Every structure is written in structure tokens, then in C-alpha cells.
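**Student:** My questions concern the predicted model and sequence given below.
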Amino acid sequence: MKKNEVKDEFLEQLRKIPIIQVACEKVGVSRQSVYRWKEKDEEFAKEMERALKEGEALVNDMSENQLLLLIKEKNWSAISFWLRHRNPKYKDKVEITAKIDDGKLTPEQELTVREALKLASFTSADISNDNNNKHHEQQPNNSTGSCGNNDQGSESKDINH
């Protein structure tokens, strides 16, 4: 068989079953050859994509036909599948509910926080006083210098690489 005849037969098989490996086996050609043809021959690449789409459409039609036959036989799984995918009333839904928080604590939450602070031996007054003191205190200077040198004579290292 000539190369063009093999390509045409491959495309025909692909239109029947849109699986490249299966079409290759039916025609007796390797996948590597097909992908090489696709890479080197732009027209073949377009034809191959069209053949795949036609084959997928054929399989979709056959599948829908089988599904309808199952529905006629009162197969519950088929009925359910059809309704969930074709009827908006039966589609799977996700319901999300949310409570918008305004950032304020409820009285119950405030009580819980106060009790937790007491357990940690703090009171709200202690925390207020502590916060006020922090604003008035100065931060101590680092006596070891900005590079972190110690008094043991270690060399200063450049930390910016």
C-alpha cells in the first residue's frame, strides 16, 4: 500500500473509532509514523483533527442512543444520568450559606475572651496598662552592633550576598 493510501485508511479508521492507537493497529502503522506525518504534513494534521472530531461525534451519538434505549427500559441509573445532565431542575447543586461578620464580638464571645484572659492571669485592665506602657518605653539599643558581632573577636560577616 502506498503512503497516501495508508494515511487515508488511517483517517477512515479514526472517523470510526477516535482512538489513535486502535486506528494504527487496524491499518498496521506505528504511532510514531502517524505523529511524524502529523508534524511534517500540515494538511494531514488538519485532516487528522477533523477525523478525530467526526469520530468523537459518532461515539457521542451512539452513546446517547444507548442511553435512550436504557431509559426506555426504565433503567434508573440512565434516567438519573439524563436528568442530572440535561434538566436544570435535577442538576447537582451546591448551596453555600454564609454569615457576614461585622468584626464585633458577641456578648458570649466577649465573656469567653475575658475568662480566657483570667485563666492566663491577665485582665483587660492589665492588657490596657501593658499596651500604654509599651508606647511610652524606648527600645533598648543593640550593644553588639548591627552585624551581630560578639566580644569573642569573631570576624564580621557580610550578610548581603
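**Tutor:** Noted; the coordinates are in hand. Numbering: from 1, shown residues only.
**Student:** what about Lys99, which helix or strand?
**Tutor:** Using DSSP states H and E, Lys99 sits in no helix or strand.
**Student:** For it, grab phi and psi.
**Tutor:** phi -110, psi 120 (degrees, to the nearest 10).
**Student:** Find the residue at the geometric middle of the chain.
**Tutor:** Per C-alpha atoms, centre = their mean, the C-alpha nearest to the average position across the chain is that of Val94, at 17.6 Å.
**Student:** pLDDT score assigned to that one?
**Tutor:** Per-residue confidence (pLDDT) for Val94: 78.
**Student:** and it, backbone torsions?
**Tutor:** Note on Val94: its backbone torsions stand at phi -120, psi 120 [degrees, to the nearest 10].
**Student:** Quick one: residues contacting it.
**Tutor:** Residues counted as contacts of Val94 (C-beta atoms under 8 Å, 6 or more residues apart in numbering): none. For every residue, glycine as well, the C-beta is placed using N, CA and C.
**Student:** any idea how far Gly55 is from it?
**Tutor:** If you measure Val94 against Gly55 using C-beta to C-beta, to the nearest Å, the figure is 34 Å.
**Student:** before we move on, what about Thr97?
**Tutor:** Taking C-beta to C-beta, one finds Thr97 at 45 Å from Gly55.
**Student:** Who has more neighbours out of these two?
**Tutor:** The neighbour count for Thr97 versus Gly55, taken as other C-beta atoms under 10 Å, is higher for Gly55 (20 against 4).
**Student:** The more buried one contacts Arg15, correct?
**Tutor:** Yes. Using C-beta atoms under 8 Å, Gly55 is in contact with Arg15, at 5.0 Å.
**Student:** now the helices for this protein?
**Tutor:** 3-16, 20-27, 31-40, 42-72, 76-86, 107-119, 124-136 (DSSP state H).
**Student:** Off-centre distance for the third one?
**Tutor:** By that I understand helix 31-40. The chain centroid and the centroid of helix 31-40 are separated by 32 Å under C-alpha atoms, centre = their mean, to the nearest Å.
**Student:** what's the angle between it and helix 3-16?
**Tutor:** 100 degrees (axes from the mean of the first three to the mean of the last three C-alpha atoms, to 10 degrees).
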